[in-house]
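Kindly return the folded structure for what I paste below:
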Amino acid sequence: MRKIVIAGNWKMNKSVAESVKLAADVVAAAKGIKNVVVAIAPTYLALAKVADVVKGSNVKLAAQDVHWENQGAFTGKVSADMLKDIGVDMVIIGHSEQRSYFGETDETVNKKIKKVLSLDMGPIVCIGETLEERKAGKLESVLTTQVNGAYAGLSADDALRTVVAYEPVWAIGTGVTASDAEAQEAHALVRGLLAKLFGDDVAQSISIQYGGSMKPENAAGLLAQKDIDGGLIGGAALKADSFLGIVTPGESISK
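Modelled structure (predicted):
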């Protein structure tokens, strides 16, 4: 049975003190949540402090990115063993903003996934098309390239330890959301691609999040779709009440 996975990506928001406060609010609000995997991803600066807040709770700690090397002359980067050392459980890899602004490629996504898996953390693997690509009818080809690139050289057991986040780039931070049917169509396509790589049993066991402006107002409809198994949440994750307004509908949904 697949798990609903709701992860709050705080992006470049919140001071350390604000992050600690928000984390404490999420921990308190999520105390009764049993069926949904809840995760929060503060900035690198706040990770260690937030790790103390979520320790012993049902809220997992996620990082927003990672480098694939163990150490070395990579100014501004953070290694997987550093994240592991402070208690990080999950790592967001290949987010569209990393791809658009900072040169992330399918090759570097693949390297990061392998490094994170080697240290027993869970990758959240981000994929998705731009508006131009969707309008040009390239949805399937873009997702195929990204899925195949991300999962190159991984075993079925490796794949089972990942979460996929489908994020239509045109719906991130714009307030525009794919319709339930549009989102389901893309998620079914992604699950089909995973089935081609690892078989249907594995594909049916991998949670696929929706990552395009999910909010309390649309969460129930999206999460009810057959192949939508949670959300990678941006703006709505910056307040505990709106974040839990997305988490709560997932409690009663069984995949």
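
For this structure, which segments count as strands?
Along the chain, the stretches classed as strands by DSSP state E are 4-9, 36-41, 59-63, 90-93, 122-127, 163-166, 208-210, 230-233.

okay if I get the ones you listed as a markdown table plus distance to residue 216 and mean pLDDT?
C-beta coordinates here come from the backbone N, C-alpha and C atoms, glycine included. As requested, the strands of the chain are exported to a markdown table (distance: least, Cβ to Cβ, whole Å; pLDDT from 0 to 100):
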| stretch | distance to residue 216 | mean pLDDT |
| --- | --- | --- |
| strand 4-9 | 12 | 98 |
| strand 36-41 | 14 | 98 |
| strand 59-63 | 18 | 98 |
| strand 90-93 | 22 | 98 |
| strand 122-127 | 21 | 98 |
| strand 163-166 | 19 | 98 |
| strand 208-210 | 14 | 97 |
| strand 230-233 | 10 | 97 |
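
among those, which is the most enclosed?
Counting by mean count of other Cβ atoms under 10 Å, strand 230-233 has the highest mean neighbour count of these, with a mean of 30.

any residues touching that one, and which ones?
3-9, 36-37, 92, 124, 126, 163, 165, 167, 207-211, 214, 219, 222-223, 243, 246, 250 (Cβ atoms under 8 Å, 6 or more residues apart in numbering).

so residue 93 makes contact with residue 126?
Yes: counting by Cβ atoms under 8 Å, residue 93 does reach residue 126; the two are 6.6 Å apart.

Using TSV, lay out the strands of the chain together with distance to residue 82.
Shown next, in TSV, are the strands of the chain (distance: least, Cβ to Cβ, whole Å):
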stretch	distance to residue 82
strand 4-9	19
strand 36-41	15
strand 59-63	9
strand 90-93	11
strand 122-127	16
strand 163-166	21
strand 208-210	25
strand 230-233	23
